[in-house]
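S.K.: Could you look at this predicted model? Sequence included:
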There are 2 protein chains.
Amino acid sequence: MLIDDLRAVLPEDRVTADPDVLRSYAHDEAEWAPYTEPAVVVRPRSAEEVQATVRQCLANGVPLVPRGAGTGLSGGANAVAGCVVLVTDRMTEIKEIDPVERLAVVAPGVVNDDLRAACAGHGLWYPPDPASSPWSTIGGNVATNAGGVCCVKYGVTRDYVLGLQVVTGTGELVRLGRRTAKGVAGYDLAGLMVGSEGTLGVITEITVRLRAQRSPEATVAGYFDSTVAAGEAAAAIRAAGIVPSALELVDRHCLAAVDAWKNMGLSADADVVLLGRSDAPGAAGEHEAAVMLECFEKAGATFAVQSSDQTEADALFAARRLAYPALERLGPVLTEDVCVPTHLVPEMLARIETAAERHDTQIANIAHIGDGNLHPLLITPAGDDAARRRAQAAFDDIVADALALGGTVTGEHGVGLLKQPGLAEELGPAVLELHHAVKNALDPHRILNPGKVFPDVRGVNSDE
Amino acid sequence: MLIDDLRAVLPEDRVTADPDVLRSYAHDEAEWAPYTEPAVVVRPRSAEEVQATVRQCLANGVPLVPRGAGTGLSGGANAVAGCVVLVTDRMTEIKEIDPVERLAVVAPGVVNDDLRAACAGHGLWYPPDPASSPWSTIGGNVATNAGGVCCVKYGVTRDYVLGLQVVTGTGELVRLGRRTAKGVAGYDLAGLMVGSEGTLGVITEITVRLRAQRSPEATVAGYFDSTVAAGEAAAAIRAAGIVPSALELVDRHCLAAVDAWKNMGLSADADVVLLGRSDAPGAAGEHEAAVMLECFEKAGATFAVQSSDQTEADALFAARRLAYPALERLGPVLTEDVCVPTHLVPEMLARIETAAERHDTQIANIAHIGDGNLHPLLITPAGDDAARRRAQAAFDDIVADALALGGTVTGEHGVGLLKQPGLAEELGPAVLELHHAVKNALDPHRILNPGKVFPDVRGVNSDE
């Protein structure tokens, strides 16, 4: 039996079928995505223990769902029937920080902010900064190719992954990628693993590229009467050739929810706040801040200012980070994650408003607006099924609108379960067929997080 | 018959079996890599013509070898028995340059420098700059994940590829990747194609990310008595936290060869010249140049100077670019491309000297030293078989040394044919097995550049 087999090869405290534990690892933060309870939860402490777990899943024909902190927003870590959930939360070692080569080697369960803090001690910086950074793990960040606030200037998790150690779908423990600055030795299988949501391998170690710590950021804030006006301000900044180190949109629903929770005194009379930052050193940073301020004003900001107070500026970004959990306190939140060409952001924001009206659904907005990556947050009263159906219809409309504008159904949260219909629409059958071919090649026994990203067409236990 | 089938579906001037033409497309610039003459050369003008060619290869069970300008240095574009060589040199349209989204869409045969020039007209910059940029194509650059001088600060071709249109191994014409700034919709198949050397798909269109044009560069030059001292200067620059926009090593063999050809008056008394550049704006750039100069001096430069003359500075970099063709005039050149952790560059350079002595082989050096990417150039008198055998032994030693130092057998030139033994050593059997699985998945009929990157274990015409 599966659990006995696992206990035979792993230390006793690694394996549990305690109902409370099973329940607590049944799903991630994606409201509405389906899940079940796992059969077993395994919390390994080493790559070898991960490998032993995968091998037992192979021997028993049982699916394995890897997860980090479970902060995902697409259902990618949701348990499937009869599965083992493998939790990396005990694999938290920062194995190496090399200030000369500017890289770090970490176990998958290292929390993003912990890595960032450790790097700061060496004058180094790990840029990817999803809003979940106080909780989410590097392994989960890699599995979903997490983004964040700094992407607009510094790129996403993929841009920082040099190498991976993974357990493959056939139970081998292998190293992919490299430690050198450059390298083209074979296919980029490390890159292929990034964003594959645990469906192609289980990550047991990550080597990331680091940057030198940057200059203190200058922050500008602008208040707007409409999301569309704010979108126009963002487009103007891009057209001016500025690449801010952050350009975020937060609407008043979010600010009010954060105030109601944390009493930060942020609520604005305006509909929308834009937050821009520049980390260019010295005069260049002042210049960029001044250009952003001018763009805010020309786009019709009712109030715009460069913050002279770092504490105040940090509070604004903290509010941005807290928006999602603050809104969740009000009821189930369905999180969108579309990304459109930046010049179509105003159009996309207008379509989101239309969808809200059409389907009588409250939609709050946060957005990495400099990237065109929008997070409309659809809020429904708990237990109101009719509202939930209306919200789902609004969600579907937003996905369709993003595709119609040449965008993508997911900018940084991943496909998981929630975005599978959108993915099929975005890729088309021929490209989806390539996905199946790659999945079959690297997970021939179909035990790695089956049914995520795209439907598991052949069934979990099919061995061809 | 193959050629009749191709002529039936393509306009007449696209298909040829003229012996002179076949000969001229038989191999790339990799001296010593095996090749044969192709059966047919096809020079399509559109993605649909590429697709028609692939489909005829499928129908006839004939391998297809795609190539751009043929400037590759690993034999990746060398013809194999009975193959069709598909040349992209007539697919040269720059389809779009979008200054707001900062992207360009190009056909695969667009020459790197032509794209760079077109971008400059919009105030934009396409960074990847292999030394072959006056001749090599974007399609070839993508297929090999080409690097260049600017990588040390701006990354490689992969970092600029947003989306691809490709013809798959089953003859489908598909789009991979995206046009948006971010996106995680499914596996990163566009990334997987980058650097796959034509073995997973034939690229018919490329969407690349662009950057704003940068500030004029400040250039510093330093002369050293040994490659090892120069390596120590480079390590010191990295340790000082500077990220130069270029950091190149050229030795006196290269400078003398360029002078002998172009009479540029560059030959130094010193053994090695280091060229550093900073494109940081204003005072930051002056600061970086000053730090580099100090690092040169502390590492024992016999002469070091910040160039006040842009023409002189450009001439030094032009000489760097011309080093390879200049050396080729002296005899067959076997080009190495190892990449090691940057702090081990002095050690690697010392080992290269040892290999030269041990095997009585002349080795010139150029290097993207800031990345740890070294290009020892092994020169042999034409027709001297004994010298060639000695050079091959030195080549093998250098590869083994790079692996022993935790490096890779290819930093930017690709595996092609020359680096297959090194690749097998670097990856090991389990990871090589993953490569075969991916290859089989995406090229099930094994017609796409078979035998490149790794041996075609099942034979060209095997249909599983």
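M.R.: That came in fine, so what should we check first?
S.K.: need the strands for the stretch 151-300 of chain A, in chain order.
M.R.: A:161-167, A:173-177, A:202-209, A:211-212, A:218-224, A:246-251, A:272-278 (DSSP state E, counting those that start in this stretch).
S.K.: Adding mean neighbour count, distance to B:H375 and mean pLDDT, write these out as JSON lines.
M.R.: Every residue, glycine included, has its C-beta placed from N, CA and C. What follows is the strands of the stretch 151-300 of chain A, written out as JSON lines (neighbours: other CB atoms under 10 Å in any protein chain shown; distance: least, CB to CB, whole Å; pLDDT from 0 to 100):
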{"stretch": "strand A:161-167", "mean neighbour count": "24", "distance to B:H375": "21", "mean pLDDT": "98"}
{"stretch": "strand A:173-177", "mean neighbour count": "21", "distance to B:H375": "22", "mean pLDDT": "98"}
{"stretch": "strand A:202-209", "mean neighbour count": "26", "distance to B:H375": "23", "mean pLDDT": "98"}
{"stretch": "strand A:211-212", "mean neighbour count": "14", "distance to B:H375": "26", "mean pLDDT": "94"}
{"stretch": "strand A:218-224", "mean neighbour count": "25", "distance to B:H375": "42", "mean pLDDT": "93"}
{"stretch": "strand A:246-251", "mean neighbour count": "26", "distance to B:H375": "39", "mean pLDDT": "94"}
{"stretch": "strand A:272-278", "mean neighbour count": "27", "distance to B:H375": "38", "mean pLDDT": "94"}
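S.K.: mind putting these in JSON lines, distance to chain B included?
M.R.: Putting these into JSON lines (distance: least, CB to the nearest CB, whole Å) gives the following:
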{"stretch": "strand A:161-167", "distance to chain B": "10"}
{"stretch": "strand A:173-177", "distance to chain B": "5"}
{"stretch": "strand A:202-209", "distance to chain B": "10"}
{"stretch": "strand A:211-212", "distance to chain B": "5"}
{"stretch": "strand A:218-224", "distance to chain B": "15"}
{"stretch": "strand A:246-251", "distance to chain B": "11"}
{"stretch": "strand A:272-278", "distance to chain B": "13"}
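S.K.: Would you convert the ones you listed into a markdown table that also reports distance to B:T36?
M.R.: Formatted as a markdown table, the strands of the stretch 151-300 of chain A follow (distance: least, CB to CB, whole Å):
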| stretch | distance to B:T36 |
| --- | --- |
| strand A:161-167 | 36 |
| strand A:173-177 | 33 |
| strand A:202-209 | 40 |
| strand A:211-212 | 47 |
| strand A:218-224 | 62 |
| strand A:246-251 | 55 |
| strand A:272-278 | 57 |
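S.K.: buried set for the helix or strand hosting A:A437?
M.R.: For A:A437, the element it lies in under DSSP states H and E is helix A:429-442. Buried residues in helix A:429-442, defined by neighbour count with 16 or more other CB atoms under 10 Å in any protein chain shown: A:431-432, A:434-435, A:437-442.
S.K.: and B:T219, which of the strands of the stretch 151-300 of chain A is closest to it?
M.R.: Closest approach to B:T219 among these is made by strand A:211-212 (21.8 Å; CB to CB).
S.K.: Which other helices and strands does the closest one contact?
M.R.: strand A:124-125 (3 or more CB pairs under 8 Å, 6 or more residues apart in numbering or on different chains; DSSP states H and E).
S.K.: What strands flank the strand it packs on, and is each parallel or antiparallel?
M.R.: strand A:211-212 (antiparallel) (DSSP bridges).
S.K.: what does the partner strand rub up against?
M.R.: With contacts defined as CB atoms under 8 Å, 6 or more residues apart in numbering or on different chains, strand A:211-212 is touched by A:102, A:123-127, A:154, B:241, B:243.
S.K.: for the worst-scoring helix or strand of chain A on mean pLDDT, packing partners?
M.R.: Lowest mean confidence among the helices and strands of chain A (mean pLDDT, DSSP states H and E): helix A:310-328, at a mean of 85. Packing partners of helix A:310-328 (3+ CB pairs under 8 Å, 6+ apart): strand A:218-224, strand A:246-251, helix A:252-262, strand A:272-278, strand A:333-335, strand A:362-368, strand A:373-379.
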